[in-house]
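**Student:** This is a predicted model, with the sequence first.
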Amino acid sequence: MDWKLALSRSKTWLAAFVFLIMATFVLSLSTGVMPISFSEILNTLTGSGTPRQELVLFQLRLPRMVIAMLIGAGLALSGSILQGLSRNSLADPGILGINAGAGLAVVFSIYLFGQEKGSLLSEPFFLPVFSFIGALTIASLIYRFSWKGGIDPERLLLVGLGFNALCGALLMILQLKMDPKDFQQAAIWLTGSIWGTRWPYVWALLPWILSLIPAAFFKARTMNLLHFKQEVPVALGLKVESERRLLLCLSAALAGACVAVGGGIAFIGLLAPHLARRLCGPNYFSSLPLSALIGAALVLIADMIGKNLLAPADIPVGIVISVIGAPYLIFMLLTRKGSGMKV
């Protein structure tokens with residue numbers, strides 16, 4: 001593909017998804033158990049709304065929607081990095097067990113400390129730390145056991161599925177030993193519910209995302225080089241194994257921070273990078289930003305569907321995403337040729 005045409009296509013799709021996010025954001029603000037018209041939204045934003053409208057918009061909907069976009073962008077970039085690192089289009093932090101490892105660490109910390117007022121976990125800022133430790137531990141184990149003179153894509157997928165199952169079993173054992181109140185909270189959280197819907201959770205997640213997303217974009221050149229056979233990046237002076245370990249930590253940090261607030265949302269790290277490569281090609285300078293926008297749009301749309309489809313009941317975002325992602329995964333498996341990355 002001519003690079004000028006590829007650049008033009010990338011800019012077009014970036015603009016299209018920015019517009020989609022803005023439109024979905026406004027529509028999601030206006031819909032819910034208490035509908036608010038566009039004119040009432042403008043009045044509330046300018047300080048002329050009723051106290052009830054201000055409560056609904058500023059304290060209930062806005063933080064939830066901001067978190068949805070941050071989680072979507074973070075998980076999409078985590079999946080994109082994993083796919084580039086392993087050269088496997090099926091690599092995803094949810095499928096490979098990294099999300100489950102992060103979830104296991106958070107549930108274990110809840111089991112140990114609880115979330116009563118005054119406990120270590122009563123402040124949301126500690127949750128991403130525990131989640132990152134769990135995600136990094138599982139990611140490191142997957143990397144170690146899938147290494148065989150290099151990353152074997154099929155071996156990576158099988159090892160990841162094994163650790164995913166192991167973490168799921170350990171989570172079930174922990175839940176059975178938990179206090180009933182903590183058990184209920186953990187069960188809802190693990191379905192992929194955006195349960196941290198207050199501003200403190202936004203401030204807890206925001207530093208991670210604002211620091212890690214630019215770091216991921218900065219590594220676009222490295223990921224482009226890793227797409228070639230190992231002799232090419234080595235000849236260009238790239239320390240391949242050091243870069244792989246750094247990218248693994250970066251992916252685990254993104255996934256862990258997002259899981260801490262959004263629970264076990266799967267398939268975003270699979271869908272968003274795959275769609276981005278189909279739309280703008282394999283160049284990570286364009287596919288990484290597009291992956292982040294697609295991920296943000298998917299989670300925001302899923303959250304809007306979840307809160308409106310069976311209102312006043314709230315369907316967890318993870319369930320809505322799974323309804324979309326599971327058939328897409330099956331489609332990818334049926335149409336995939338070979339073990340390498342297919343775009």
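**Tutor:** Sure, I can see it. Residues are numbered from 1 along each chain as shown.
**Student:** which stretches of the stretch 151-300 of the chain form helices?
**Tutor:** For the stretch 151-300 of the chain, the helices defined by DSSP state H, counting those that start in this stretch occupy 153-176, 180-190, 199-218, 220-226, 231-235, 240-262, 268-280, 284-308.
**Student:** Let me see the confidence value for residue 117.
**Tutor:** Confidence at residue 117, expressed as pLDDT, is 52.
**Student:** Out of the helices of the stretch 151-300 of the chain, which is closest to residue 89?
**Tutor:** helix 268-280 (6.1 Å; Cβ to Cβ). For the C-beta atoms, the positions are set from N, CA and C on the backbone; glycine is no exception.
**Student:** Now do the closest one and helix 284-308, the angle between them.
**Tutor:** Interaxial angle, helix 268-280 versus helix 284-308 (axes from the mean of the first three to the mean of the last three Cα atoms, to 10 degrees): 130 degrees.
**Student:** buried residues in helix 268-280?
**Tutor:** With burial defined by 16 or more other Cβ atoms under 10 Å, the residues of helix 268-280 counted as buried are 268, 269, 270, 271, 272, 273, 274, 275, 276, 277, 279, 280.
**Student:** list the helices and strands the helix or strand containing residue 81 packs on?
**Tutor:** Applying DSSP states H and E as the criterion places residue 81 in helix 62-86. Judged by 3 or more Cβ pairs under 8 Å, 6 or more residues apart in numbering; DSSP states H and E, the packing partners of helix 62-86 are helix 3-30, helix 199-218, helix 220-226, helix 240-262, helix 268-280, helix 284-308.
**Student:** Of all those, which one is nearest residue 82?
**Tutor:** The nearest among the helices and strands packed on helix 62-86, by Cβ to Cβ, is helix 240-262 at 5.2 Å.
**Student:** Report the buried residues of that closest one.
**Tutor:** 240, 243-244, 247-262.
**Student:** and if you look at stretch 323-333?
**Tutor:** Using 16+ other Cβ under 10 Å as the burial criterion, the residues of stretch 323-333 that qualify are 324, 325, 329.
**Student:** what about it, distance to the chain center?
**Tutor:** Chain-centre distance of stretch 323-333: 17 Å, with Cα atoms, centre = their mean, to the nearest Å.
**Student:** Mind listing residues that contact it?
**Tutor:** Stretch 323-333 is contacted by residues 89, 90, 95, 266, 267, 268, 270, 271, 274, 298, 302 when judged by Cβ atoms under 8 Å, 6 or more residues apart in numbering.
**Student:** Am I right that the second one is in contact with residue 269?
**Tutor:** No - counting by Cβ atoms under 8 Å, no contact exists between residue 90 and residue 269, whose distance comes to 10.5 Å.
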